[in-house]
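>>> I'd like to go over a predicted model; first the sequence, then the structure.
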Amino acid sequence: MTAAHTFAWARSLGWTLLVLPLSLALLRGRAPAWLRRSATPRMIRMRGVGGLILRASAVTSSTLSSAGAAGGAWYPVRALAGPVAVLAALVLVAVTDSAERRRRRNALPTSQ
């Protein structure tokens with residue numbers, strides 16, 4: 001086993017042990033009190049989804065690199081699992097956060 005394979009396995013294991021439980025907890029709505037005060041439940045869930053996307057991206061790219069799939073036929077899969085997935089997760093969280101903050105700021109007036 002080479003150092004590259006060891007690094008790929010360690011990266012997959014690290015993302016699975018650290019990010020997966022945190023993302024699943026955020027997806028279920030379990031968050032620290034400071035986060036619940038500053039974020040809506042939808043924002044917390046979307047951060048969990050973003051974490052799951054990042055975890056899937058990291059595990060897929062490390063699996064492909066340890067399998068030796070660096071050729072031209074695997075390029076579209078590596079591109080989707082790499083920077084495209086990271087950008088998608090960041091855009092998902094940013095759009096949700098800005099929409100929820102805008103919605104909170106421009107709340108409909110209540111009838112009196």
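Okay, I see it.
>>> helices along this structure, start to end?
Using DSSP state H, the helices of the chain run over 3-14, 20-27, 33-38, 41-67, 75-79, 85-105.
>>> counting neighbours, what do you get for the nearest residue to L35 once chain neighbours are set aside?
Nearest residue to L35 in three dimensions, chain neighbours excluded: I44, at 6.6 Å (C-beta to C-beta, 6 or more residues apart in numbering). C-beta here means a position set from N, CA and C on the backbone, and glycine is covered the same way. Residues lying near I44 (other C-beta atoms under 10 Å) number 20.
>>> most packed of the helices of the chain?
Most buried of the helices of the chain, by mean neighbour count (mean count of other C-beta atoms under 10 Å): helix 41-67, with a mean of 19.
>>> next, the angle helix 3-14 makes with that helix.
160 degrees (axes from the mean of the first three to the mean of the last three C-alpha atoms, to 10 degrees).
>>> list the contacts for W74?
If you count contacts by C-beta atoms under 8 Å, 6 or more residues apart in numbering, W74 has them with L64.
>>> sorry, back to before: in a markdown table, list the helices of the chain along with mean pLDDT.
Shown next, in a markdown table, are these (pLDDT from 0 to 100):
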| stretch | mean pLDDT |
| --- | --- |
| helix 3-14 | 86 |
| helix 20-27 | 93 |
| helix 33-38 | 88 |
| helix 41-67 | 89 |
| helix 75-79 | 80 |
| helix 85-105 | 90 |
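>>> returning to that earlier point: you'd agree the residue nearest to L35 is up against W34?
No - under the criterion of C-beta atoms under 8 Å, I44 is not in contact with W34, lying 11.8 Å apart.
>>> if we can go back for a sec, now do the contacts for the residue nearest to L35.
Counted by C-beta under 8 Å, 6+ apart, I44 has contacts L26, G29, A31, L35, R36.
>>> again, but for I53
Contacts of I53 (C-beta under 8 Å, 6+ apart): A85, A88, A89, L92.
>>> separation between the last one and T6?
Yep, that's L92 we're talking about. Between L92 and T6 the computed distance is 32 Å (C-beta to C-beta, to the nearest Å).
>>> L22: which of the contacts of I53 is nearest?
Nearest to L22 out of the contacts of I53 is A89 (C-beta to C-beta; 13.7 Å).
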